[in-house]
Each structure stands twice: as C-alpha cells, then as structure tokens.
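# this is a predicted model, with the sequence first.
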Amino acid sequence: MCTIVPISKTVGANRIVPTVAIPHPLGNPALSREEEKVLRRKLVERALKALTTEVDGQTVFEQ
Amino acid sequence: MRLTLGKITIKGLDFGSATRVENGKLFVNKEELVALIREDSRVASAEVFLARPGESVRIVPVKDVIEPRVKVEGPGNIFPGFIGKLDPVGSGRTHVLQGAAVVTTGKIVGFQEGIIDMTGPGAQFTPFSQTFNVVVKVEPVAGLHQHDHENVVRMAGFKAAAYIGEAGRNTAPDTEEVYEWPSLAEAMTKHPGLPKVAYVYMLQTQGLLHDTYVYGVDAKRIIPTLISPTEVFDGAIVSGNCVSACDKNPTYVHLNQPIITELFKRHGKDYNFVGVIITNENVTLADKERSSNYTSRLAEMLGVDAAIVSEEGFGNPDADLVMNCRKLEQKGIKTVLVTDEYAGRDGSSQSLADTTPEANAVITAGNANETIVLPKLDTLIGHIDVVDVIAGGFSGSLRPDGTIEVEIQALTGATSEVGFIKLTAKGM
C-alpha cells in the first residue's frame, strides 16, 4: 500500500494498492471521522483482495 | 523587463548606533531590530547575534538564510506577498548587501533543521560560513501551534532582511549587473539558429517546514507557471523549508539562483534562454501527475529544444523529477537533471527513489548520507540538544566531549541541488 505508485514499481513490488497521500497514506484529515472510517475500510479490503489474488508480474489494484 | 542589481560588497559586520553601511562594513542597531521582531505578539523573545567567517561559532537549528536586499527603483518591494504590497517585482533597480546574511534560529519547530559552522570542517560544507551573519534567535509564546511557530520565525527573517537591506538604499554599489527579460514574442525571434532552453525550477511543497511561497502563495496550490528570472532576484520566491537542510533552498539561494545566473552567462552565445517554469512537489500522485503534465506542456508551448530540471529535496520528489524528465523527453525535449543522492553512508545504495531510462544526463551534488565529525566550537547560537534529532543526526550524534557526528544532510546547503556550493569531486 503506497501513494507514489511509480516508486513501488521501480523497487519491484508485485501487488500495489494506491493510497491517499504521503503524510497520511491510509487516512484523510479533510474527511469526517465516519467518512474516514469508510475510506480506511475500503483500502484495507482492497489490500486483502490483492493479497489473495494470483498475479503475473507487477499489478496495481485500482479497485 | 530590465533589472539592475547593484551589489554592495560587505567586508565586515558589527553592532552600531544606526543600521548602516560604512566603507563596506555593515553596522546593525540591535535594539531597533529586536523591537521590529517583537512587534509580532506571537514572539516571546528575540535576540540578535553576529557570526563572522572564521569565528568559532556554531548556529543550530537553522531555519532560513536570507540576503538583505532593497528595491531602490521600480514597482514593488523585496519579498512581495510577505512584506509591503503585492506589486509585481523584477524591474528597476535593486541593491544587494552581498556578503551579508540574516540567519534565523530558535527553538526547534519540527524535528528537522540545519547546522551552520563558521569554522572547521563543517564550514566547508555550508556556503553560509562565508557570509557575515546577523543571527536572529526567535522564541515563540507558549502553546503556539507548530505551523504558527514556523510562520513567526519565517516572517522574522524576512522582516530582518528587509530592515537591514534598507541600509543599502543610499549606498553606492561596488558592482552592477543588468538583466534583461524580453517578451515571449521578442525572445522567440532573437538568436536564430541557437537552441532554445528552459529551466524547470522544482519547488519543495510538502507541508510544514517543506513549503515554498511565490508572491505569498503556498506553491503547493499552484499549477506550473512561468516566472521572470528578474522576479526571482527580487524575492518573489521565498523558502519555508529546511528539512534535511543540505538540499533545501534557503531564501538566500532563491535570490541568488545559481542555475538562472549561469544560464544568463552563455545566453545569446550558445543557446537562447527563453523561460523559467516553476513547478511543485506535492504529496499525492494526482498532484505529481498534474504538475509534471503541465510542466512539460508549458515547455512544449515555449517550443524549447532542451531543459535543465533541478529537484529540491529527495525521496518522493525523486518521482516528480523522473516524471518531469520522462514527459519532457517524450515531447522531444532533451533534459539534464540536477539532484543529490541518499546512497547510504557507504555510498553503495540506490541513489534516488525512482529512475527512468530517459534520465541519461544527471548531475549530482553529492551523497547526503556521508558522515562528518564536527569539533566542539567556542560559541553556540541556538540550541545544541537538537543535534540528536534533526535530519542527519542520530541518537549519540552529540558526544560527551562536545564533538558532533552527523550526516552532511544536517549541514545547511551541503548538497545544494541548484549547485550553490563550491564542493566538487575528482575521479579516482
């Protein structure tokens, strides 16, 4: 899970989940607590899906 | 646009009853300067110290270094957007107290500010060991939010530099430099046959102690745009950043922008220098894509053959640098990149966080992870205890005998990515 996808590709990551911003990859201080919870849950679920998906080379999980 | 920079060479520094320049020596009225800084109700205390080249003085934690300048003719004033009105600068006449600098220090804001040594091995790694420094130590009132604290100290530096700059208003300069910046229509038809060159001037814009301002605007909120070099010389771009102080551009460096100055030297002989594009380095991928898209679009609209691209900082801004490079090259615009390296203390790690095959002409300003041992110096201005926590420092950096071991990234300007340092390397 990372914000700057091109760097993840450069370092050779296989499963890449794009996140929010460098200072707050898994949250967003501009959102309300409730909205942020939804965002965080979505990102974690996407990461779990990525972990359980077979990949053939570098794959970015946009959704 | 035509700007004359009248440079008054400063060869000495002392306190005096009036702030003035006399036979190349700068005198500063300490009480008047302190009173000016204390006008801000968020300032709890302000002190002024002097640090001259060669003296056994260490300044830490350093936030910004600013050259005193004053607008003598033409619209506007130095540091537009922060001092005085917002009239556009870059034409007329500006006087420079060359050799003098204001250095801001005081309680640490975050955990990452710089060191300036006026003598010893550390002095070789910072250009500001060579300037006559008026050091302004500002402590904020209790309970001030970090961002306000940073603003208080930043503003104190600009005010001090503008106040001291006034001493040059009626002083005859020792040297004069004239810079002309034509309209685009004129620039495009001048010097036929010579390649057109632009400078892509990347500005650090990642938040607290990582920000840069253009005419008072936080540059993270701009899309890339054009600026006249003469506006840069008049303080349209100022620093609010010093994290990993080796490769951040203090305001002094923006005012004396070395790449722009060098580009002028061979302009009209070897190439036609037609544009300066400022862009930012933001914290989201979408911002990085947008800014690099628009940087290359502006270069394309200028119709340049080549561009020099300088980075400010390291780590994720390496991605901005690489995107700028790739997108310019894909439009057939040749690039040269200027950066520094974080290659580990032994220099064997990957130097940048991102790469691209198009980046085949890269200039390095050195490896910021190299360590250096600094001797104990007689006088300390600021707070020495922060040495263990600033970027480049580590637990145990400050040794019991008063010596310091740090990475050179802690030294203000040590690996300047616009080349504002005289350190060079020789082939083995």
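Right, received. Where do you want to start? Nothing here was measured: the structure is a model prediction, and the numbers come from that model.
# residue B:296 touches residue B:332, doesn't it?
No - the pair residue B:296 / residue B:332 is not scored as a contact, 10.6 Å apart, by C-beta atoms under 8 Å. From N, CA and C alone the C-beta is placed, and that goes for glycine too.
# ok, residue 4 - how many residues close by?
Picked chain A for this. 26 (other C-beta atoms under 10 Å in any protein chain shown).
# switch to chain B, that's the one I care about
Neighbours of residue B:4 under the rule other C-beta under 10 Å: 18.
# bridging residues for residue B:241?
Beta-bridge pairing for residue B:241 (DSSP bridges): residue B:210.
# and it, what is it in contact with?
B:204, B:209-212, B:248-249, B:312-313 (C-beta atoms under 8 Å, 6 or more residues apart in numbering or on different chains).
# look up how far chain A lies from residue B:199.
In this view, residue B:199 and chain A are 24 Å apart by C-beta to the nearest C-beta, to the nearest Å.
# and that residue, what element?
strand B:196-204 (DSSP states H and E).
# by contact count, what packs against that strand?
For strand B:196-204, the elements it packs on are strand B:210-214, helix B:258-265, strand B:272-281, helix B:285-302, strand B:306-310, helix B:317-330, judged by 3 or more C-beta pairs under 8 Å, 6 or more residues apart in numbering or on different chains; DSSP states H and E.
# can I get the ones you listed in JSON lines including mean neighbour count and mean pLDDT?
JSON lines is the format used below for the helices and strands packed on strand B:196-204 (neighbours: other C-beta atoms under 10 Å in any protein chain shown; pLDDT from 0 to 100):
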{"stretch": "strand B:210-214", "mean neighbour count": "24", "mean pLDDT": "95"}
{"stretch": "helix B:258-265", "mean neighbour count": "17", "mean pLDDT": "98"}
{"stretch": "strand B:272-281", "mean neighbour count": "24", "mean pLDDT": "98"}
{"stretch": "helix B:285-302", "mean neighbour count": "19", "mean pLDDT": "98"}
{"stretch": "strand B:306-310", "mean neighbour count": "23", "mean pLDDT": "98"}
{"stretch": "helix B:317-330", "mean neighbour count": "24", "mean pLDDT": "98"}
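# reformat these as a markdown table; add distance to residue B:33.
Shown next, in a markdown table, are those (distance: least, C-beta to C-beta, whole Å):
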| stretch | distance to residue B:33 |
| --- | --- |
| strand B:210-214 | 23 |
| helix B:258-265 | 29 |
| strand B:272-281 | 31 |
| helix B:285-302 | 38 |
| strand B:306-310 | 33 |
| helix B:317-330 | 35 |
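# between the ones you listed, which gets nearest to residue A:33?
Evaluated over the helices and strands packed on strand B:196-204, closeness to residue A:33 peaks at helix B:285-302, with 23.8 Å, by C-beta to C-beta.
# and the strands in chain A?
Read by DSSP state E, chain A holds these strands, from start to end of the chain: A:15-16, A:59-60.
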